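Undergrad: Provide a 3D model corresponding to the input given below.
(chains A and B, ligands or ions: 1)
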Amino acid sequence: MRETMMRETMQIVIVGHVDHGKSTLVGRLLADTGVLGDGKLEKVQATCRRQGKQFEYAFLLDALEAEQDQGITIDAARVFFRTERRDYIIIDAPGHIEFLKNMVTGAARAEAAVLIIDAKEGVRENSRRHGYLLSMLGIRQVAVVVNKMDLVSYDRAVFDRIVAEYRAFLEEVGIRPHCFVPISAREGDLVAGPSTSMPWYDGPSVLAAVDAFAKQPARGDLPLRMPVQDVYKWNARGDDRRIVAGRVEAGRLRVGDRVVFSPSNKTSTIASIEAFSGIPDVPTPTEVNAGSSTGITLTEQLFVDRGEVMSHLRDAPEVGTRLRVNLFWLGKLPLEPGKSYKLKLATHQTEVRVEEIVRVLDASELHTSVTKKWVDRHDVADLVLRTRSPIAFDPSERIEATGRFVIVDGYDIAGGGIVRALVPDEHQQLRLESRIRDVEWVRGEITPEERAQRQGHPASMVMITGEAGVGGHAVARALERRLVEQGVHAYLLAGKNVFLGVDADIAFDDRDGLVRRFGEVVHLFLDAGTVVVSATDVIGLGDQRTLQTLVAPFPMLVVHVGAEVDGTPEGADLRLDPGGEPDAAVDRIMAVLAERSRLRSN
Amino acid sequence: MSQLDDLEEQSVYIFREAYKHFKQLCMLWSIGKDSTVLLYLARKAFFGHVPFPLVHIDTSYKVPSMIAYRDRLAREWGLQMVVGSNRQALAEGMNHTRGRLDCCRALKTDALRHTLDGSWPRLRMGADGQYHEEEPREAFTGVIVGARADEEGSRSKERYFSPRDHNSDWDVADQPPELWNQYKTDFAPGTHVRIHPLLDWTEVNIWEYIQRERVPIIDLYFDDGSGQRYRSLGCETCTGKIESTATTTEQILVELRATKVPERAGRAQDQEDTYAMEKLRREGYM
Ligand SMILES: Nc1nc2c(ncn2[C@@H]2O[C@H](COP(=O)(O)OP(=O)(O)O)[C@@H](O)[C@H]2O)c(=O)[nH]1
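TA: Just a heads-up that it's a prediction; the model follows:
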């Protein structure tokens, strides 16, 4: 009995075109492996008799009233069965095109797939579409079942023809099936055991093929990735731990490991691995592996946010704003460039837009359209996405869990995909430089968090932009005064002051050099805990993103002084009318600062 | 990692997602083994804490020791208990002799819906360990439930995060996709989301876990010397015991692995109508 604890479970999915026999196959597997509850088969058969319809194995699954009326399986139902080898959760993914989102839901959970094709109908639209989606969902273990062989007199030639055609197609999308099995789900040929009807076939039955799938090992051999799910500080029942919680998606972590959080580049050391047990005296672990939902404490008091990815110092994830992706779209409305969506990747969530549609593939025929300007429901596309703020990720080929994402339109998940590669944006070089700077930074004992707590507020930057002569400098001066009078450590850093001293050795038209040095000086002030106020002509709005990259993760508030008719430039948090009363302007800036908790440590 | 480890990690992950995304979050605790395992998993997810209220629907026909057990654990583990019931129907004498489905609908479905949306009065355990009328009452937008896919047909269609409209209705045919570990955490005002951390667990998994973690489940599941025990807990009036002399988790597991009788066979309301459960479930019954 005890060995059941050691039994493994595998989630598999059965996909294919509607009516090709998925439900029948599942019903058969249940009946033939003897896992149905006593009386279940008879009960369904009796119901059929009562309603005057022919019994179908599929009815075993169709427990829902609505579903039987409609005659199509409408959701990825979970069904359990077991063989000598292991326990299975089988996800009966439906084939009707309307329900593609259910198929995707089912298949995304699966470790292996059975693709079913009707021998008489041959390869159909969804046979292709599903094959393609399986490849995108990262399912590598696939068995193809050619069903209803009874309808083609168990003819080997029919089977061989389908195998040849479908194998070629799957090859194109990067799937190499483990085997092709000719069966009759209704008659039971080669489902759970051998068949006398097809002596020409000497391969495995469906059950044997499924048992031959290998369990995917947890990815402890990959670089460490723990996306931060949440940070807990209960301050209740005598518990004052600050626990960074998350699941180790890849690699392993040990107490004492030096780690970095991306994209903030904060570094620290793991002080403990936390775990709760109801059993007394169970020691907390000193090491956890991929797959664990865990929690850690750090040696320094450090504020990290959900969405950051914890890794070791070497082999950190990529950080950027432009991603080359493959995506499938399930939304009722098409995916359009220019519209803003929500991207969720691991635990990170950010605003995203389509920057470029490279090509759209009609998944059923694999026809390519390079001219289509949007992505329709059930299309598959090759795109460049641009996120509003930098995110940490990996190409999915390298680390799957941090290389796939979904897109939310309105309230619902409307699409999903995998990241192929980082596309450098204008700040990629600076981002790399500042990462190296942050990781190598020599620190004193005081963390920014402790400093913020002691002085009562965190460090941040307020950048005032606008044409010369609109009154930006007056606002900056008034703001510095107001802040200091309220006890905030604020400092007015004029771009010109940096220019006079720090930049004395470089050409005044070396714009990139000027911006970079200004950013580094600001970064020093921020690290020292200051609220930096600046209004400068050296830094235009266009450079504001560069500056943001350099000072991250310290927050920056961009205040633009300019006429309303010219609009609020992208990236500005607040617009002020030119030539206004500085005090009124300061009131508005102070309100935004307060709203964003920039003036109070939490 | 063993199967139980896999299930546990996944459940913990779901708990943490729920807690992060839903401000008005609660968990249903029926006192049965499933929701008690769920409660234990919550403590795993939050390192010994349960940072949201536990809602119990009291039909007044529960086995009395269930209520005593509930309040004892609540005080011991520092749980935030919220208790709701259909006071009006009870005052009018509703019971199973008026029709089991009608009784379930009034005392469970309706009570649950109105307790969750805050429209009916409900009790809350105070720092003194006693129950008081709760004021004000917020509507819960995230409700964690211990449903398992293997219980019966309709539950096998659930998502981990499953939206319900403002009538608590479940639109089975039009559910949003659920990919990898990305769940439905955005929802329109007036709707709420049911969250199912135990979806992939089987009845045997539950018992294996109870055994492994020594989860302190109520002793009604064990033979009290009469040669009978409960396999599934509900109202005293509608839940039958099974013949069994099992007094330990170990013995229950031996029994379970041999049986093919469905778990809820002892629940009278399930036998009433082929689609009884499905109907109740669409209306919000757990
Ligand atoms: N002759 C024959 N019919 C089959 C076989 N498998 C399934 N069918 C029939 O094909 C129809 C569709 O099967 P179903 O399992 O519902 O397909 P699904 O839509 O893929 O789930 C049903 O009427 C089945 O009885 C088979 O092996 N032989």
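Undergrad: which residue is nearest the middle of chain A?
TA: With distances taken as CA atoms, centre = their mean, the residue of chain A nearest its centroid is residue A:345 (2.2 Å).
Undergrad: if I read this right, that one contacts residue A:390, doesn't it?
TA: No - taking CB atoms under 8 Å as the definition, residue A:345 is not a contact partner of residue A:390, at 11.9 Å. From N, CA and C alone the C-beta is placed, and that goes for glycine too.
Undergrad: tell me where the stretch 201-350 of chain A has helices.
TA: For the stretch 201-350 of chain A, helices defined by DSSP state H, counting those that start in this stretch occupy the ranges A:206-211.
Undergrad: for it, what lies in contact range of chain B?
TA: A:218, A:229-230, A:232, A:234, A:236-237, A:239, A:241, A:243, A:245, A:247, A:274-279, A:289, A:291-293, A:295, A:306, A:330, A:342, A:344, A:346 (CB under 8 Å from any CB of the partner chain).
Undergrad: now the buried members of those residues.
TA: Neighbour counting over those (16 or more other CB atoms under 10 Å in any protein chain shown) leaves A:218, A:229-230, A:232, A:234, A:243, A:245, A:247, A:274-276, A:289, A:291-293, A:295, A:306, A:330, A:342, A:344, A:346 as the buried ones.
Undergrad: quick one, what contacts the residue nearest to the centre of chain A?
TA: Residues in contact with residue A:345 (CB atoms under 8 Å, 6 or more residues apart in numbering or on different chains) are A:391, A:393, A:402, A:404-405, A:419.
Undergrad: stretch A:386-405: end-to-end distance?
TA: End-to-end distance for stretch A:386-405: 13 Å, by CA to CA, to the nearest Å.
Undergrad: pLDDT below threshold where in the chain?
TA: No chain in the question, so chain A it is. For chain A, residues meeting the criterion pLDDT under 70 lie at A:1-6, A:35-40, A:61-78, A:92-99, A:218, A:362-370, A:537-542, A:602.
Undergrad: you answered for a different chain; I wanted chain B.
TA: Applying pLDDT under 70 to chain B flags residues B:1, B:150-157, B:166-174, B:260-286.
Undergrad: please enumerate the strands of it.
TA: B:25-28, B:54-57, B:81-84, B:123-125, B:131-133, B:142-144, B:161-164, B:192-195, B:228-229, B:242-243 (DSSP state E).
Undergrad: out of these, which one sits most buried?
TA: strand B:142-144 (a mean of 26; mean count of other CB atoms under 10 Å in any protein chain shown).
Undergrad: residue boundaries of the helices in the stretch 101-250 of chain B?
TA: Taking DSSP H, counting those that start in this stretch as the criterion, the stretch 101-250 of chain B carries its helices at B:111-116, B:203-213, B:249-258.
Undergrad: could you pick out the longest helix of chain B?
TA: helix B:3-21 (DSSP state H).
Undergrad: check whether that helix contacts chain A.
TA: Yes - Helix B:3-21 is in contact with chain A by CB under 8 Å from any CB, via B:3-6, B:8-10, B:12-13, B:16-17, B:19-20.
Undergrad: so which bits of that helix are buried?
TA: Using 16+ other CB under 10 Å as the test for burial, helix B:3-21 gives B:3-4, B:6-19, B:21.
Undergrad: which residues touch that helix?
TA: So helix B:3-21 is contacted by A:5, A:7-9, A:87, A:229-230, A:245, A:247, A:291-293, A:306, B:1, B:25, B:38, B:41-42, B:44-46, B:51-52, B:142, B:144, B:160-161, B:181, B:183, B:185, B:195-198, B:200-201, B:205, B:208-209, B:212 (CB under 8 Å, 6+ apart).
Undergrad: which stretches of the stretch 251-400 of chain A form strands?
TA: A:252-254, A:258-262, A:266-274, A:287-289, A:293-298, A:309-312, A:318-329, A:341-345, A:348-362, A:367-369, A:380-393 (DSSP state E, counting those that start in this stretch).
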